[in-house]
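Enquirer: Need coordinates for the below:
(chains A and B)
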Amino acid sequence: MPAPLPPTAPLLGIERITKRFGPQTAVDGVSLDLAPGEVFCLLGPSGCGKSTLLRLIAGFETPDAGAIRLDGADLTALPPHRRPVNMMFQSYALFPHMSVAANVGYGLKGLGLSRKQAAERVAGLIKLVRLEGFESRRPETLSGGQRQRVALARALAREPKLLLLDEPLGALDRTLREETQGELRAIQRRLGTGFVVVTHDTQEAMALADRIGVMERGRLVQVGPARDLYERPASRFVAGLLGDVNLIEGRLGPDEPGGLRTVETALGPIRASGEGAAGAAVVVAVRPERLVVGGADGLPGTLQGTLVEATFLGDRIRSRIRMADGTVLRASAALPATGPMPGVGEAVTVAIPADAARVLSA
Amino acid sequence: MTPFARTALGLALAFLYAPILVLIVYSFNDSKLVTVWGGFSTRWYAILFADGPLIAAALVSLKVALLSAGIAGVLGTLAALALDRHGRFRGRGAYTGLLYAPMVMPEVITGLSLLLLFVGIGLDRGIGTIVIAHATFATGFVAVVVGARLKGLDRSLEEAAADLGASPARVFFGITLPLIAPSVAAGFLLAFTLSLDDLVIASFVSGPGATTLPMRLYSQVRLGVNPEINAASTLMIATVGLVVLAASWLTARRGA
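Expert: Alright, predicted model coming up:
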């Protein structure tokens, strides 16, 4: 007899779930808790297991080990049609032989609604996704954006506490995608439904998610808000996935009071935050926009280099700087408020602020 | 199209259809002699419809074709579903081969083996045995036609239905079956024409009182060709032609 759950119990609880396909381990011991109403993005390259994890939650795959709970109830052994979660498919999977209204209302059967209640629910959903007037149309006559909204309305029809979205915006073009991101977030806030979104698009994950879980080869390697992941990545993989990053190899110095460490690199000593055994081979990760690039007469303690490329991008300048040892660093800076930009071929100085440098295992 | 290609196509079509065309033309021949043109007439059709045994044989053929196509339609669809849906189960390759083998098996052998089976298990030969025999070899054809459609069917449609709370039965009857229906119908019509055309297998497995139209025509032809046979054949060609057209129309629709 399990103890009654505290009121702050997670909506979704995934416990050490593992799924193998033959010799491949698609999902490897993933554990994860989701708060009610949270938007959680599973981010990773294709083949990292994020879609399989989503299909495990939906019930289309059976785990080899582990358990999935929703509101404390064990779902692991239930077939998909008995799970109180719904999914929006990447291809939308709209039923081609049914009208928009019939698609949206498909899931209402068996909920004990009267015909009138069901019709009202469908009308409300169609209004929610702004498809009034399209009720009797067939999916093939709709645009991509409209189909996406039908798929969303259909998946929300049973009022699930948890909605699974597989690359929900992947089939839309760039401008429509940004607009739809905002809409999706607005609908989510209004309904308070928990979302698990699978995506390979970092920008999309950052725009949608309360928390992001990065997956790499079947493992959930880091979980946190986008900013934490961006500023304090746990590995080179996460650092590179979340955005452009300079990785400078070096050897970690001894523990110091204050939390900062010194890393001996080919560029010289760099102060950075992070843990590790003294003497370990590490990399220092620095985001391009955190490098401070100055003229040749820079402050003492800065690193010397030569500007090899500078691209004007309107709101900022992206540059490449070759350091004395041959390492090329990428910098991305706001335009200097005053004064000329250094020219290509000129000597520049580069400062790496200690709070921008992060020690990662090599 | 180059003149050469056009000529080649013309010759090929002539080779295929000239005999049939001659047969159709002579079915409207007023003369009693099959090879002598005596003016246009439909009198052989009138005689045909007054020919009791021939009409009876045509009805037997229709009954056999409908029943065997129905059985083959269901069995072939189920076989296609099993092959498509259950991944790489043990013996899948062998099962596929076994399903397709009757399609390439010489009809004489199919007929003879079925005859031996029916005699062996003491089944009375008649319409029932012809239906079973025709369903046996048509099932593979239906499985091929339906299997092609299933291969092109997006599996996420069925998953979406299940995800929305539909039981496996509701998924099958509400989603899968409507989407593969054109191919099931096409398979049924194909099985129907195969049954209507068959002479060899039916001859082996039929019994007294169960004479199909091709059997009846063949026995009459052995006594000599007469224009009535031409008329009956023309009607059969028309029936089969229409059914095949319907089947190909169904298959072409929505990339079925």
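Enquirer: Surely A:Cys41 is within a helix?
Expert: No. Using DSSP: H, G, I helix; E, B strand; the rest coil, the assignment for A:Cys41 is strand, not a helix.
Enquirer: Give me the three-state assignment for A:Val30.
Expert: Put simply, A:Val30 is strand when judged by three-state DSSP.
Enquirer: what are the bridge partners for it, then?
Expert: Assessed by DSSP bridges, A:Val30 has beta-bridge partners A:Ile17.
Enquirer: That one - how many residues pack around it?
Expert: Residues near A:Val30, counting by other CB atoms under 10 Å in any protein chain shown, number 24. All C-beta spots, glycine's among them, are computed from the backbone N, C-alpha and C.
Enquirer: just B:Gly174 next, same as before
Expert: 19.
Enquirer: for the stretch 51-200 of chain B, which spans come out with low pLDDT?
Expert: B:87-88 (pLDDT under 70).
Enquirer: Show me which residues of it are close to chain A?
Expert: Within the stretch 51-200 of chain B, the positions adjacent to chain A are B:154, B:156-157, B:159-168, B:170-171, B:175, B:178-179 by CB under 8 Å from any CB of the partner chain.
Enquirer: Mind checking which of these are buried?
Expert: Taking 16 or more other CB atoms under 10 Å in any protein chain shown as the criterion, what is buried in these is B:156-157, B:159-167, B:170-171, B:175, B:179.
Enquirer: Now the two most distant members of these.
Expert: B:Gly165 and B:Leu179 (19.1 Å; CB to CB).
Enquirer: OK, now which residue of chain B is nearest to chain A?
Expert: As assessed by CB to the nearest CB, chain A sits closest to B:Leu164 within chain B, at 3.3 Å.
Enquirer: And the pLDDT at the residue nearest to that residue when sequence neighbours are not counted?
Expert: Residue nearest to B:Leu164 in three dimensions, not counting chain neighbours: A:Gly107, with 3.3 Å by CB to CB, 6 or more residues apart in numbering or on different chains. For A:Gly107, the pLDDT comes out at 93.
Enquirer: ok, B:Leu250 touching B:Pro182?
Expert: Yes. Applying CB atoms under 8 Å, one finds B:Leu250 in contact with B:Pro182, separated by 4.4 Å.
Enquirer: A helix includes A:Ser136, no?
Expert: No. A:Ser136: not assigned to a helix; according to three-state DSSP it is coil.
Enquirer: Any figure for the gap between it and A:Leu125?
Expert: 15 Å (CB to CB, to the nearest Å).
Enquirer: So for the two, which sits in the more crowded spot?
Expert: A:Leu125 (23 against 9).
Enquirer: wait, doesn't that one sit right on A:Val150?
Expert: No. With contact defined as CB under 8 Å, A:Leu125 does not reach A:Val150; the gap is 9.4 Å.
Enquirer: what touches both of the two?
Expert: Here A:Leu125 and A:Val150 have A:Val104 as joint contacts, going by CB atoms under 8 Å, 6 or more residues apart in numbering or on different chains.
Enquirer: Can you name the residues in contact with stretch B:204-215?
Expert: Counting by CB under 8 Å, 6+ apart, B:53-54, B:56-58, B:60-61, B:64, B:108, B:111-112, B:114-115, B:118, B:124-127, B:129-130, B:132-133, B:196-199, B:202-203, B:219, B:232, B:236 sit against stretch B:204-215.
Enquirer: Selecting buried members of those residues in PyMOL, what would you type?
Expert: The buried subset of the contacts of stretch B:204-215, as determined by 16+ other CB under 10 Å, is captured in PyMOL by this line:
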select buried, chain B and resi 54+57+58+60+61+64+111+114+115+118+125+127+129+130+132+133+196+198+202+203+232+236
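Enquirer: Could you check how far stretch B:157-165 is from the centre of its chain?
Expert: 35 Å (CA atoms, centre = their mean, to the nearest Å).
Enquirer: Not counting residues beside it along the chain, what's closest to A:Gly218?
Expert: A:Asp28 (3.7 Å).
Enquirer: burial count for A:Leu307?
Expert: 20.
Enquirer: what do you get for A:Arg174?
Expert: 8.
Enquirer: and what of the one 3 residues further on?
Expert: If you count neighbours by other CB under 10 Å, A:Arg177 ends up with 19.
Enquirer: Among the residues of the stretch 51-200 of chain B next to chain A, name the ones in helices.
Expert: With DSSP state H as the criterion, helices contain B:156-157, B:159-163, B:168, B:170-171, B:178-179 from among these.
Enquirer: Out of these, give me the two with the largest separation.
Expert: B:Asp163 and B:Pro178 (18.1 Å).
Enquirer: so how far is B:Leu217 from B:Val200?
Expert: Distance from B:Val200 to B:Leu217, counting by CB to CB: 14 Å.
Enquirer: actually B:Thr136, sorry about that
Expert: B:Thr136 is 23 Å from B:Leu217, by CB to CB.
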